[in-house]
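Enquirer: Build me a model:
(one chain, ligands or ions: 2)
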Amino acid sequence: MTVENKPREKGERFALDRQEQQLTGERWTTARGSWTIFPQLCKGCGLCIERCPTGVIRWSSEMGAYGTNRVTVEAAGCMTCKICADYCPDAAISVVVEAGLDKGR
Ligand code: SF4
Ligand code: SF4
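Expert: Ligands and ions are numbered 1, 2, ... in the order given. Modelled structure (predicted):
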């Protein structure tokens, strides 16, 4: 599996070979790194929305894995804390803190 650590432009779509599946992620640049959603893995449970301390995760009008709405983020307010990724039961969110900015968590 190859994961690029470099934050990308707002909303850029890219492909990632994860567990022999070709997934398309949507990555957003945050203040300290990046936030990525993999729509093919999101089942729309809403746990990430409930747990985000800044309330920046929102329902998207786009569909996820099971024909339910998936989530997206208002990246400007994301503090890159990784809580959403930790709580997501399906590993549909990836949060990466840029090297050198990972103090505190
Ligand atoms: S990384 Fe933290 S602040 Fe950003 S969306 Fe996830 S829970 Fe919210
Ligand atoms: S916790 Fe994971 S599966 Fe549930 S809505 Fe959020 S991203 Fe989707």
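Enquirer: Buried residues in the lengthiest strand in the chain, which are they?
Expert: When the chain is scanned for its longest strand (criterion: DSSP state E), the result is strand 21-29. Of all the residues in strand 21-29, those buried under the rule 16 or more other Cβ atoms under 10 Å are 23, 25, 26, 27, 28, 29. All C-beta spots, glycine's among them, are computed from the backbone N, C-alpha and C.
Enquirer: partners of the helix or strand following it in the sheet?
Expert: Beyond strand 21-29 in the direction of the C-terminus, DSSP states H and E gives the next helix or strand as strand 33-37. On the basis of DSSP bridges, the sheet neighbours of strand 33-37 come out as strand 21-29 (antiparallel), strand 93-97 (antiparallel).
Enquirer: Residue 59 against residue 69, yeah?
Expert: Yes: using Cβ atoms under 8 Å as the test, residue 59 is close enough to residue 69 to be in contact (4.8 Å).
Enquirer: So the residue nearest to residue 78 when sequence neighbours are not counted versus residue 68, what's the distance?
Expert: Excluding the flanking residues, the one nearest residue 78 by Cβ to Cβ, 6 or more residues apart in numbering is residue 30, at 4.3 Å. In this view, residue 30 and residue 68 are 25 Å apart by Cβ to Cβ, to the nearest Å.
Enquirer: The two - which one has more neighbours?
Expert: The residue with more neighbours, out of residue 30 and residue 68 and counting by other Cβ atoms under 10 Å, is residue 30; that gives 23 against 13.
Enquirer: Just the pLDDT for the more buried one.
Expert: At residue 30 the predicted local distance difference test score is 96.
Enquirer: residues touching the residue most central in space within the chain, list them.
Expert: Note on the chain: the residue nearest the mean C-alpha position is residue 36, at 2.9 Å, using Cα atoms, centre = their mean. Taking Cβ atoms under 8 Å, 6 or more residues apart in numbering as the contact definition, residue 36 lies against 25, 26, 27, 28, 93, 94, 95, 96.
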